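Q: Predicted model and sequence below, questions to follow.
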Amino acid sequence: MNIVYKTLWIALLTIFPVTAAVGQSTALTGDYRDTAQKIIAKAQNDKEGFERLTEFVDAYPHRLSGSESLEASIDWIIRQMEKDGELNDVRTQKVMVPHWVRGKESATLIAPLNSNLPMLGLGGSVGTPKEGIEAEVLVVDSFDDLNQKSEQAKGKIVLYNIPFTSYGQTVRYRIDGAVEAAKHGAVASLIRSVTPYSMITPHTGTSRYQEGVKKIPHAAITIEHAKMLQRMQDRGEELLINLKMEAETLPDAQSRNIIAEIKGSVKPEEIVVIGGHIDAWDVGQGAMDDAGGCFAAWQALRIIKELGLKPRRTIRLVMWTNEENGLQGATEYKNMVQKNGELENHVLAIESDSGVFDPKGFGFTGSDEAYKMVQAIGKLLNPIKAGTINRGGGGADIGPIMREGVPGMGLNVDSSRYFWYHHSAADTIDKLKESEFNNCAAAMAVMAYVAADMEQALPRN
């Protein structure tokens with residue numbers, strides 16, 4: 001190597017004595033490599049973490065904000081943490097959250113044939129009159145198509161038959177579909193569920209209204225039935241649906257974030273945050289989205305503790321409330337750490353909210369210097385093929401503190417099946433594998449521990 005590069009290389013090793021050649025194939029010193037191997041081995045041989053997750057989702061399957069099930073589930077986790085006695089400062093943070101209730105609901109095709117259509121009201125939707133809304137249906141394939149057919153939409157139920165391309169592209173019809181339909185005089189709106197795959201499974205999710213635009217009921221039907229209604233319309237058949245929804249929004253309710261820690265041995269005031277969101281939709285078990293992420297993060301801390309590892313910095317587990325329909329847990333956590341002066345001492349935030357399938361690595365948002373450092377840590381995860389660190393990553397719950405400058409990471413997994421089950425009754429524990437869950441816990445444990453233990457904290461922008 002040339003003399004300039006060699007001089008820089010020696011300087012880097014001086015600045016980062018516990019990291020090996022940043023940007024080179026060697027990840028970290030032998031000390032961390034050995035520790036990483038121990039963490040991975042312990043995670044892979046574990047049975048308790050996945051069994052605990054299974055017990056949890058079987059007992060508390062519907063954890064929507066404001067529900068008794070969510071609050072009972074939080075109580076259960078706190079009891080388990082206190083019983084374990086492994087983590088420090090187990091506590092909750094009070095958060096006021098939205099309280100939307102689904103109630104009874106149905107969609108019935110009246111013409112050209114009589115048939116019940118499996119459906120799910122979308123979060124935040126208003127309800128229908130008690131007798132329902134009975135109206136003709138107009139099927140459209142985009143917002144542009146709706147604009148072109150504006151006169152036809154008046155007094156009708158608009159159905160968005162939008163094929164899944166990517167979540168970001170397709171979900172806007174779930175979020176804004178009711179507003180756009182109402183602007184054209186529609187009396188209700190339906191969407192083809194935001195998923196690439198269906199077995200007569202509707203998918204829910206949050207939606208929103210716009211001030212000054214009439215609020216109309218908004219619901220999701222299955223891919224199969226959206227396609228059927230499209231075919232019927234294309235044949236020139238009149239479509240008539242009766243939609244009934246008891247949905248209502250009640251006054252905000254009190255919920256809680258869950259917080260627990262492994263205190264740092266040298267710099268306890270500096271914090272690496274790791275976690276996911278504990279709330280879930282009111283269908284399915286929320287095993288994949290996101291109890292699995294919470295429990296993998298919890299298991300990561302338990303592994304670190306049980307191995308007797310004592311990181312320099314504090315590793316803080318947070319299970320946020322109200323990610324699905326409000327992000328109040330994330331917002332209140334940011335407000336709390338900002339108020340008490342901890343925000344500037346957050347050196348990294350790691351979130352798992354893409355399912356606990358086979359881990360592939362992490363996405364990272366932060367400075368170029370920090371990116372090189374986490375790439376080096378990532379190489380320790382090559383034995384489980386989870387060492388790839390890509391630019392760009394984070395999560396909804398760590399978003400508020402990331403916007404204040406905290407470097408953020410999101411666990412990347414094999415997401416090929418994630419949106420099959422996302423926000424549906426099919427998000428159940430049988431979709432997950434113990435071995436993949438354990439590898440997710442291992443990946444999060446290695447990343448969190450090394451980031452918390454390195455002599456040099458990850459530099460911010």
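A: Now that the structure is in, tell me what you want to look at.
Q: Next, count neighbours for the residue nearest to N114 when sequence neighbours are not counted.
A: Nearest non-adjacent residue to N114, counting by Cβ to Cβ, 6 or more residues apart in numbering: T108, 7.2 Å away. To be clear about C-beta, it is placed using only N, CA and C from the backbone, and glycine gets the same treatment. Look at T108: counted by other Cβ atoms under 10 Å, it has 16 neighbours.
Q: SS state for T108?
A: Of the three states, T108 takes strand under DSSP: H, G, I helix; E, B strand; the rest coil.
Q: ok now do it, which residues does it touch?
A: 114-117, 241-244 (Cβ atoms under 8 Å, 6 or more residues apart in numbering).
Q: And for P383?
A: P383 sits next to 37, 40 when contact means Cβ under 8 Å, 6+ apart.
Q: Retrieve the pLDDT associated with D31.
A: Listed pLDDT for D31 reads 75.
Q: Which of the helices or strands spans it?
A: For D31, the element it lies in under DSSP states H and E is helix 30-44.
Q: Keeping just the C-alphas, turn that helix into CSV.
A: Below are the C-alpha coordinates for helix 30-44, written out as CSV (Å, rounded to 0.1, in the frame of the first residue of the first chain):
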residue,chain,number,x,y,z
GLY,A,30,-10.3,-11.8,17.7
ASP,A,31,-11.9,-10.8,21.0
TYR,A,32,-15.1,-9.7,19.3
ARG,A,33,-15.0,-12.6,16.9
ASP,A,34,-14.9,-15.1,19.7
THR,A,35,-17.7,-13.2,21.6
ALA,A,36,-19.8,-13.1,18.5
GLN,A,37,-19.4,-16.9,18.0
LYS,A,38,-20.5,-17.5,21.6
ILE,A,39,-23.5,-15.2,21.1
ILE,A,40,-24.6,-17.0,17.9
ALA,A,41,-24.1,-20.4,19.4
LYS,A,42,-26.1,-19.6,22.5
ALA,A,43,-28.9,-18.1,20.4
GLN,A,44,-29.1,-21.0,18.0
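Q: for it, packing partners?
A: Contacts defined by 3 or more Cβ pairs under 8 Å, 6 or more residues apart in numbering; DSSP states H and E place helix 30-44 against helix 292-306, helix 434-453.
Q: nearest to M336, of those helices?
A: Closest to M336 of these is helix 292-306 (Cβ to Cβ; 18.8 Å).
Q: Buried residues in that closest one, which are they?
A: Buried residues in helix 292-306, counted by 16 or more other Cβ atoms under 10 Å: 292-305.
Q: give me every residue that touches the residue nearest to H277 when sequence neighbours are not counted.
A: Nearest residue to H277 in three dimensions, chain neighbours excluded: E323, at 3.5 Å (Cβ to Cβ, 6+ apart). Residues near E323 by Cβ under 8 Å, 6+ apart: 277, 279, 290, 329-330, 353, 396-397.
Q: Quick check: of these, which has the highest neighbour count?
A: D290 (32 neighbours).
Q: Just send the buried residues of helix 292-306 back as a markdown table, with pLDDT and distance to L53 too.
A: Output for these, formatted as a markdown table (pLDDT from 0 to 100; distance: Cβ to Cβ, whole Å):
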| residue | pLDDT | distance to L53 |
| --- | --- | --- |
| G292 | 98 | 6 |
| G293 | 98 | 10 |
| C294 | 98 | 9 |
| F295 | 98 | 4 |
| A296 | 98 | 8 |
| A297 | 98 | 11 |
| W298 | 98 | 9 |
| Q299 | 98 | 8 |
| A300 | 98 | 13 |
| L301 | 98 | 15 |
| R302 | 98 | 12 |
| I303 | 98 | 15 |
| I304 | 98 | 18 |
| K305 | 98 | 18 |
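Q: No further questions, thank you.
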